[in-house]
Every structure is written in structure tokens, then in C-alpha cells.
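*Asks:* Fold the stuff below for me.
(chains A and B)
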Amino acid sequence: GAGVSQSPSNKVTEKGKDVELRCDPISGHTALYWYRQRLGQGLEFLIYFQGNSAPDKSGLPSDRFSAERTGESVSTLTIQRTQQEDSAVYLCASSSHAGGGSLGYTFGSGTRLTVV
Amino acid sequence: DQQVKQNSPSLSVQEGRISILNCDYTNSMFDYFLWYKKYPAEGPTFLISISSIKDKNEDGRFTVFLNKSAKHLSLHIVPSQPGDSAVYFCAASALLSGYSTLTFGKGTMLLVSP
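*Replies:* Numbers count the residues shown, from 1 in each chain, chains lettered A, B, ... in the order given. Below is the predicted model of the structure:
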């Protein structure tokens, strides 16, 4: 597709349930990033994929969070046993590392997760 | 520990005037800086960037200034337009270290009134 696509756009879940968030990057983009933005906060780095490998998982806040990427394409961020503090907008970005001013980063519109 | 700081949560400016958004960083490894603009319910979109080998980069109404010794950068928008009203994020990367992940500030909400 033309841009980074994320689904669902909104998700309301009960505390304790598991959720899966999906990201479809721009075709051919080798790098993929997950960030989240909690209310009143900046964008917080979660995990970085290069191809299907994740060389940097340092931002994942707890072992309830995991992510995978397959086919150097789609990525899924899974949050197990959701807590209210997980409520945030989860943003995915992909990059071609082709250079240029933006470093090739393109963000999706995000998934707004609300844990009730 | 916040490595990229935007100390003004909001800024109000009249149409036609200059908007100045500020950003400070603490990590001396950062060598590439970007500004993103974000509208509600949309992802951030790239605005302008600057490498640490420069002190100024200009693109139309947008200019970014970098003061390496002060670890400070600013975004100037002249003239400001109502359509510029959005949240602006400062971001930094350590490219020369091969680290392309961006570290973001908390953002500054700019409101440009007619």
C-alpha cells in the first residue's frame, strides 16, 4: 500500500484480556518500529525490527509485551493480561533507510487502546 | 531520564507572526534531529531535519536552528498560519553510531489564531 496501515484503529478491552495490534508497513521497507504515546506523554520507543529480527527490544515495558514480524512485512504487537496503564496510542513506523531528511520514516495513524 | 525535552507544553501565536518551538537534549551521541507535526487521530508526519554538522536548515516557512554547544534546537515558523495548529515533536537519533531509532520529546501544542 501507499502508507503504513494499522489495525484496529480503536480497541477497547477489559483489564486482564490479551490484545493484538497489527502493522502493515510500506512494501519494501526493511525497518519497522513500534512506539506508544500515553496521555500527555511523548512517543515512547518500544521495539525495532530489521527484517524479521528485533535487534532492539529495549523499550518493551514488561514481559507482557511481545512483538513479531514475518515475511519482512506484517508485524504484530501482543499485550497479554492488559492493565489500565497500557492505555495509549500505539504507533507503528517503517523505514527504508534510504536516507533523505526524514530518514525514510513513515508513521501509521496508530491504534488507540483503552483498557477498562 | 528524558533525553529529549520540550519544556513548553503549549504555545499560542497570532496568524502572520513567528512561532518558535524549542527543544533541548542531553545525549551528546545524538547527531541528527528531526521535527514532526501531528494532527489528532493521525500519525506524526515529517517536517524538517538537521544534521549536527550544520547549524541551520531552511525549508519554506520552516527553519530549524541547532546550537550543539548548548544542546538546543529550535523550529521557527514564519509566517504562522492557522493550518499550522498541531502538536510538534522534536526527535533525535545517533546515526553515526548506526542507531536510527528516534527518541522523541513530549511535544508542544501550537495554536495559531486568525
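
*Asks:* what about the strands in chain A?
*Replies:* A:5-7, A:10-13, A:19-24, A:31-37, A:43-50, A:53-56, A:65-69, A:75-79, A:88-95, A:106-107, A:111-115 (DSSP state E).

*Asks:* Tabulate those in TSV, adding columns for mean pLDDT and mean neighbour count.
*Replies:* From N, CA and C alone the C-beta is placed, and that goes for glycine too. Formatted as TSV, the strands of chain A follow (pLDDT from 0 to 100; neighbours: other CB atoms under 10 Å in any protein chain shown):
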stretch	mean pLDDT	mean neighbour count
strand A:5-7	97	18
strand A:10-13	97	14
strand A:19-24	98	19
strand A:31-37	94	24
strand A:43-50	92	21
strand A:53-56	89	14
strand A:65-69	97	18
strand A:75-79	98	20
strand A:88-95	95	23
strand A:106-107	92	21
strand A:111-115	97	18
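
*Asks:* Counting neighbours, what do you get for residue A:2?
*Replies:* Other residues near residue A:2 number 7, with proximity taken as other CB atoms under 10 Å in any protein chain shown.

*Asks:* Tell me who's in contact with residue A:16.
*Replies:* For residue A:16, the contact set (CB atoms under 8 Å, 6 or more residues apart in numbering or on different chains) comprises A:81, A:82.

*Asks:* what's the helix or strand for residue B:76?
*Replies:* Using DSSP states H and E, residue B:76 maps to strand B:72-77.

*Asks:* Partner strands of that strand and their direction?
*Replies:* In the sheet, strand B:72-77 lines up against strand B:19-25 (antiparallel), strand B:62-67 (antiparallel) (DSSP bridges).

*Asks:* May I have the beta-bridge partners of the residue in chain A positioned nearest to chain B?
*Replies:* Per CB to the nearest CB, residue A:107 is where chain A lies closest to chain B, at 3.3 Å. Beta-bridge partners of residue A:107, counted by DSSP bridges, are residue A:93.

*Asks:* so it makes contact with residue A:4?
*Replies:* Yes: the pair residue A:107 / residue A:4 is scored as a contact, 6.2 Å apart, by CB atoms under 8 Å.

*Asks:* shared neighbours, the two?
*Replies:* A:92, A:93, B:43.

*Asks:* could those residues go into CSV alongside distance to residue B:51?
*Replies:* Output for these, formatted as CSV (distance: CB to CB, whole Å):
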residue, distance to residue B:51
A:92, 26
A:93, 20
B:43, 24
